[in-house]
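> no letters, just coordinates:
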C-alpha cells in the first residue's frame, strides 16, 4: 500500500518528560569508544552528567534531554571534525540496529525489490509512524516525491548540520530504497531555522539479486 503524499505526527510537547529511543545514547557510546577510546567516551558522558550510562546503558525509552545533552557535550569536548565523524557513525549504527531488529526481513526484501518511487513512500510512512522515538517533543512531517522530504519542528536532538539524523535516514534509504540516495539538509534548528529540513534524492539501479536469499 502506498503512503499518503504527506503525513504528520502530532507533537508530544504536552506530555511531561518527552522521550526518545535509547539507541541515541547506546550507539553514541559505542562509536566514541571504538573511534576515540574509553577515556574520550567517559569525558563526553561525564561532561553531560550521565557517566553512569556508560556502565549501565539504557534499555527503555529515555528523556530527550539525555541524548540532547550528550550531543552538546560531544561538540564541547572534541574538535568539530571528530564530533561530526562520531555522530555520523552513531547514526549509521542506529540505522543498522533498526534494520536488524525493527524492520522484518520479509518487509526489507519486498522494499528492495520495489521500484524506488514506490518503496520510498512506504519507508517514509514507517518513519513517520515511529517518529516519536526520535523527535520526542518535536513534530515530524514526511512528504513523498523526488526528492522525498522529512521535516522536524522543534527538533530536541538537533546538532550541527544534524549529522546523526542524516546518517540514519541515508543508511535506511540506501539499504531499502536506492543505494544512490543522497541526503541534503538545507534548514537546521541549530542555525536558527524554524525546523530541520531533509531532502532525500534517490536514483540509479536497485540492489542486485545477490542481496536476496
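Structure's in. What do you need? On a predicted model such as this, the values are computed, not experimentally measured, just so you know.

> going by C-alpha atoms from here, please, whenever you check contacts or count neighbours.
OK.

> next helix or strand past the longest helix seen in the chain?
As assigned by DSSP state H, the longest helix anywhere in the chain is helix 23-48. For helix 23-48, the succeeding helix or strand toward the C-terminus, using DSSP states H and E, is helix 52-55.

> elements contacting the helix or strand following that next one?
Per DSSP H and E, helix 52-55 leads on to strand 62-63 as the next helix or strand towards the C-terminus. Applying 3 or more CA pairs under 8 Å, 6 or more residues apart in numbering; DSSP states H and E, one finds that strand 62-63 contacts strand 19-20.

> which helices and strands does the strand it packs on pack with?
Looks like strand 19-20 contacts strand 62-63, helix 132-135 (3+ CA pairs under 8 Å, 6+ apart).

> who does residue 141 form a beta bridge with?
With DSSP bridges as the criterion, residue 141 is bridged to residue 8, residue 151.

> poorly predicted segments of the protein, please.
For the chain, the stretches with pLDDT under 70 are 1-17, 204-213.

> can you give me the helices in it?
Under DSSP H, the chain gives helices at 23-48, 52-55, 65-77, 80-101, 105-113, 116-129, 132-135, 163-176.

> now the angle from the first one to helix 80-101?
Okay, so that is helix 23-48. 150 degrees (axes from the mean of the first three to the mean of the last three CA atoms, to 10 degrees).

> surely residue 41 and residue 32 touch.
Yes: using CA atoms under 8 Å, residue 41 is in contact with residue 32, at 5.2 Å.
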